[in-house]
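Q: Structure for this input, please:
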Amino acid sequence: MPRRPRVLLSGYPLHIVQRGINREPCFFTDEDYHCYLHWLEESARACGCAIHAYALMTNHVHLLITPEKDGGPSRLMQSLGRRYVQYANRFYRRTGSLWEGRYKSSVVQAENYLVTCQRYIELNPVRAGMVVDPGQYRWSSYRANGLGEVDARLTPHKCYLSLGQGDGERQAAYRALFRPELEAEAINDIRKALQSGMPLGNERFAETICGNLGIRHNTGKRGRPNRAVDEKRALPITEQQDFGF
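A: Next up, the predicted model:
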């Protein structure tokens, strides 16, 4: 079966997830995280991709970016993946691939979903039980977006900037969004979009994006789901963390 073409468009935010092979760890020491973030910044600048949010988990990575050109995300992930894998293989005296297959991605409807997607990414360490508050986790963009810590690799999206008139007001408004838990429906929508590679947004947005690219919009509602899929959907949100999202 041929691969479904990626939905990648310049000027549209893109949520990317890349997992370690067999869900094994990709980061082992602080130096690993620092190296990855350094090359992320360099590669994003070279490939014309603005970074809005990120979370480096032990065995997978979340990025929220907006590319200037259609091919930017693919070049970014190729450059970043090649440099980090070479570093990891050399430093840990290993061979072979570090990442599991192709990265997953979904275009995000900025007006309705960007801030929700950004919260989803920065709440990953909390959902995984690694920290109680997202500000306690060192390897995500929350400390910059929510607490004002300087992070030169980030470019705030206009939807984030619209939360307040100045930095202090904006950060306070953003922190307030983290007081309630992220709704289960929003979590499922984000995961479903990533799994299928389809746009994250309302039906009209998804149909428009897919129509412009000449591909079929897969709503995930056609046909009878298999038993494994039914069982996965039946799991509580906390147990779904093992699926790498």
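
Q: Low-confidence bits of this structure, can you list those?
A: Residue ranges of the chain with pLDDT under 70: 1-5, 218-245.

Q: Can you show me the strands along it?
A: Using DSSP state E, the strands of the chain run over 14-19, 49-56, 60-67, 104-107.

Q: so can I have TSV of the ones you listed showing mean neighbour count and distance to Tyr120?
A: No exception for glycine: its C-beta is placed from N, CA and C like everyone else's. Conversion of those to TSV gives the following (neighbours: other C-beta atoms under 10 Å; distance: least, C-beta to C-beta, whole Å):
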stretch	mean neighbour count	distance to Tyr120
strand 14-19	22	8
strand 49-56	24	9
strand 60-67	24	8
strand 104-107	24	11
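
Q: just so I know, which of those lies nearest Thr95?
A: strand 14-19 (19.2 Å; C-beta to C-beta).

Q: With just CA atoms, put the closest one into CSV.
A: Extracted in CSV, the C-alpha atoms of strand 14-19 (Å, rounded to 0.1, in the frame of the first residue of the first chain):
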residue,chain,number,x,y,z
LEU,A,14,2.4,21.9,12.0
HIS,A,15,2.5,19.5,15.0
ILE,A,16,5.3,17.0,14.7
VAL,A,17,6.0,13.9,16.8
GLN,A,18,9.0,11.6,16.4
ARG,A,19,9.4,8.5,18.5
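
Q: who does it pair up with?
A: Strand 14-19 has its sheet partners listed here by DSSP bridges as strand 60-67 (antiparallel), strand 104-107 (antiparallel).

Q: got the angle for the longest one vs strand 49-56?
A: If you take axes from the mean of the first three to the mean of the last three C-alpha atoms, to 10 degrees, strand 60-67 sits at 160 degrees to strand 49-56.

Q: Now for Asp189: which residues touch it?
A: Leu200 (C-beta atoms under 8 Å, 6 or more residues apart in numbering).

Q: Compare the strands of the chain and report which one is nearest to Gly164.
A: strand 49-56 (16.2 Å).
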